[in-house]
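Chemist: what follows is a predicted protein model with its sequence.
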Amino acid sequence: MSSIDLGILADTLDERPLGFRGALERAGLGLALSATFGAAVAARYGVTAMAAHAFGVPLGYAAVLAFGTPALCIGVAHFDLPLDAAKVVEQVSRGVAVSGLVLAGLSPAALLLSVTAESPVTAAVAASLGLALASCLGAWRVQRELGAGPRAFWFVFLPFAALLAIRVWWLALPMLGRTG
Amino acid sequence: MTAQISELLRAPARSVERCADPRARAAMASLWLALVLAGGASFGLAAGSFRGPTQALLAGCKVPLATLLALAISGPAFFVLSAVFGRRWDFGTAVLLMLSAGARSSLVLFALAPGLALAVDYGVSYETLRLLALGAYSLGGLSGLSFLVVALGKAKGRAGVLVCFAAVFAAVGAQSAWIFRPFIGDPRDARVPLFAQGRVEGGIVGALLDGRRAP
């Protein structure tokens, strides 16, 4: 067990500077971990749905990384805030990793609720709450690391990231819209 | 053994310290597991006695199983949430802390089981007994949660772990109990089924509000 703890936990949560490549690896790890949650929430709909949802959950975070992070970097530079773009990329990657780790930890609970819930709406609500919790913890982590300077940006960046992720998940995770 | 049980109830901080000791883990885990089984079984026996000895035996088996399922399913969530909020326990310690909390709450169930059996003996209605059982289970849960409060210490992030984990555990615990139902045995059933899968009741909330419909 200790090798797992030191491996995945250290990889996702350690505080050392990462560099650009390290940040991408960290984000990749978070995306891979989040796929387990996607597979778990779709278990009631069969193997094909599990595969599709295992792709769909990381897709939401990947979209935020791909479209949100450059916007945040430009905004930080434009307003001459005391942060460099590399640090922003690093911290957003850490946030994605934290979200992925939380989703991996919630996967057994999601599997239980998905398979045994009487109504598909219950399963969809549980999946949405899991995504919301993990995303909030990821955002909290980014905010904590970036410090107080760019807080004004959270009024723009966070709503944009949330709306983008919700849109992607709504399109990529059919179970969220199922009622029967 | 009694010293360890007394320590779990009176001085949970010392039990928390021993959870991190790899040499003490196996013995602790065995004892806590036995307490979860005994506490759950006694509570199930008391609740199921409402519908006679067969249902009492079935409920005596199902309550500890539901508790262990809830602990096993929410263990990984506790581990990652603790880590995210700065508690870097290894997985074994996190699982043992969960099991300790489960054992503490099962001791409370063990203590409340005679009271529940007495209520059955006095002839309380099914609805009242259901509420009494829910209240007893909630008290047990609070005792387990208070153990986790001690385990998490006073460092920053304790409230965050507790709020997030309590939400996860409430959902998982309720669902675990729901899939193993019935425990008491609805008087409307001529013969109480072993499991009530396939019956449409509106989930755990619907079952509590008596939303039962024909399948």
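Modeler: Nice, I can see it.
Chemist: would you confirm that residue B:172 contacts residue A:111?
Modeler: No: the pair residue B:172 / residue A:111 is not scored as a contact, 10.4 Å apart, by Cβ atoms under 8 Å. Where you see a C-beta, it was placed from the backbone N, CA and C, and this is true even at glycine.
Chemist: what does chain A put close to chain B?
Modeler: A:1-2, A:4-5, A:9, A:13, A:98, A:101-102, A:104-109, A:112-113, A:116-119, A:122, A:126, A:129, A:133, A:137, A:141 (Cβ under 8 Å from any Cβ of the partner chain).
Chemist: near chain A, which residues of chain B show up?
Modeler: For chain B, the residues in contact with chain A (Cβ under 8 Å from any Cβ) are B:69, B:72-81, B:83-84, B:88, B:90-92, B:164, B:167-168, B:171-172, B:175-176, B:178-179, B:200-203, B:206.
Chemist: list the contacts for residue A:41?
Modeler: A:53, A:57, A:110-111, A:114, A:123, A:126-127, A:130, A:173, A:175 (Cβ atoms under 8 Å, 6 or more residues apart in numbering or on different chains).
Chemist: quick check: closest non-adjacent residue to it.
Modeler: Once flanking residues are discounted, residue A:41 sits nearest to residue A:127: 4.0 Å by Cβ to Cβ, 6 or more residues apart in numbering or on different chains.
Chemist: repeat that for residue B:146.
Modeler: In space, residue B:146 is closest to residue B:12, 7.5 Å off (Cβ to Cβ, 6+ apart).
Chemist: show me the shaky parts of chain B.
Modeler: For chain B, the stretches flagged by pLDDT under 70 are B:197-215.
Chemist: where's residue B:129, which helix or strand?
Modeler: Using DSSP states H and E, residue B:129 sits within helix B:126-152.
Chemist: I meant to write residue B:47 there.
Modeler: Here residue B:47 is assigned to helix B:22-48, by DSSP H and E.
Chemist: and that helix, what's buried?
Modeler: Buried positions in helix B:22-48, judged by neighbour count with 16 or more other Cβ atoms under 10 Å in any protein chain shown: B:25, B:28-29, B:31-33, B:35-48.
Chemist: got it, and stretch A:116-125?
Modeler: For stretch A:116-125, by 16+ other Cβ under 10 Å, it's A:116-118, A:120, A:122-124.
Chemist: end to end, how far does that stretch reach?
Modeler: Start-to-end span of stretch A:116-125 (Cα to Cα, to the nearest Å) is 14 Å.
Chemist: more neighbours: which of residue B:172 and residue A:111?
Modeler: residue B:172 (25 against 20; other Cβ atoms under 10 Å in any protein chain shown).
Chemist: which residues sit in contact with the more buried one?
Modeler: Contact analysis of residue B:172 by Cβ under 8 Å, 6+ apart lists A:109, A:112-113, B:70, B:73-74, B:77.
Chemist: where does it fall, phi/psi-wise?
Modeler: phi -70, psi -40 (degrees, to the nearest 10).
Chemist: for residue A:117, same thing?
Modeler: phi -60, psi 140.
Chemist: without its sequence neighbours, what residue ends up closest to it?
Modeler: Excluding its sequence neighbours, the residue lying closest to residue A:117 (Cβ to Cβ, 6+ apart) is residue A:123, at 4.6 Å.
Chemist: next one: the helix or strand hosting that neighbour to chain centre, how far?
Modeler: Element membership for residue A:123, per DSSP H and E: helix A:120-146. Between the centre of helix A:120-146 and the centre of its chain there are 8 Å (Cα atoms, centre = their mean, to the nearest Å).
Chemist: quick one: pLDDT of the nearest residue to residue A:173 once chain neighbours are set aside?
Modeler: Excluding the flanking residues, the one nearest residue A:173 by Cβ to Cβ, 6+ apart is residue A:56, at 4.5 Å. Note on residue A:56: pLDDT of 94.
Chemist: verify the stated contact: residue A:56 with residue A:176.
Modeler: No: judged on Cβ under 8 Å, residue A:56 makes no contact with residue A:176 at a distance of 9.3 Å.
Chemist: any figure for the gap between residue B:168 and residue A:110?
Modeler: Look at residue B:168 and residue A:110: by Cβ to Cβ, to the nearest Å, they are 10 Å apart.
Chemist: out of those two, which sits in the busier spot?
Modeler: Applying other Cβ under 10 Å to residue B:168 and residue A:110 shows that residue A:110 carries more neighbours, namely 29 against 22.
Chemist: and the more buried one, what element?
Modeler: Using DSSP H and E, the element containing residue A:110 is helix A:85-116.
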